[in-house]
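In: sequence first, then the predicted structure:
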Amino acid sequence: MAEEELPGLLILDIGGTHGVLENLASLLRKHFCLITMKEFLENKEERSKKIQSVFVFECRPTINQELLESLPNLKVIGNSGVGVDHLDLKMISNFGVKVTNTPHAVADSTADIGMALMLASARRLVEGNVLNFPGS
């Protein structure tokens, strides 16, 4: 499928501090024509019609009424995180847009870290490490 035929996906940026990771961008390019927020703002009129999805990564880009009004063909907002507290779901649904998220994406990792912290605390591992290696 040619890039022109792929649905447009609005993202904040690629790489940098708050952009989509390079590896993830490569995967997304297989299914979407990626449009960064900068590209969108430089040519809103043309780009707004192509965008059918917004990918929210680390709560960015901010989804507000102004953005939703400027995207007439928007169908879905994909949030790459567990919660959607940063999204106004009622406002978004008023535009007929669906919201997705990844509720179980980090469940195992979070449980692993929680168990490790409890064991480290119960066995005083951090204190023991400092006592065994003074000056570190």
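Out: Right, received. Where do you want to start? Numbering: from 1, shown residues only.
In: give me the most central residue, the protein.
Out: By C-alpha atoms, centre = their mean, the chain has its centre lying nearest to residue 57, at 1.8 Å.
In: next, the contact list for residue 25, please.
Out: If a contact means C-beta atoms under 8 Å, 6 or more residues apart in numbering, then residue 25 has 11, 14-15, 34 as its contacts. For the C-beta atoms, the positions are set from N, CA and C on the backbone; glycine is no exception.
In: so it sits in a helix?
Out: Yes. Counting by DSSP: H, G, I helix; E, B strand; the rest coil, residue 25 is part of a helix.
In: tell me the confidence at it?
Out: pLDDT recorded at residue 25 is 95.
In: quick check: it vs residue 127, distance?
Out: 43 Å (C-beta to C-beta, to the nearest Å).
In: and the residue nearest to the centre of the chain, what does it touch?
Out: Neighbouring residues of residue 57 by C-beta under 8 Å, 6+ apart: 11-12, 18-20, 24, 80.
In: for residue 68, give its distance to residue 14.
Out: 23 Å.
In: quick one: the helices in the chain?
Out: Assigned by DSSP state H, the chain shows helices spanning 22-29, 37-42, 44-50, 65-69, 89-94, 107-122, 125-132.
In: tell me which of those helices lies nearest to residue 76.
Out: Across the helices of the chain, the minimum distance to residue 76, taken as C-beta to C-beta, is reached by helix 89-94, at 9.9 Å.
In: now do the closest one: everything it contacts.
Out: Contact with helix 89-94 is made by 63, 65, 68, 77, 99, as judged by C-beta under 8 Å, 6+ apart.
In: on that earlier part again, of residue 68 and residue 14, which one has the most company?
Out: residue 68 (19 against 16; other C-beta atoms under 10 Å).
In: distance check, the more buried one against residue 43.
Out: Counting by C-beta to C-beta, the gap from residue 68 to residue 43 is 19 Å.
In: over to residue 13?
Out: Distance of residue 13 to residue 43, computed by C-beta to C-beta: 16 Å.
In: comparing the two, which shows the higher neighbour count?
Out: Legend: neighbour count by other C-beta under 10 Å for residue 13 and residue 43, higher for residue 13 (18 against 10).
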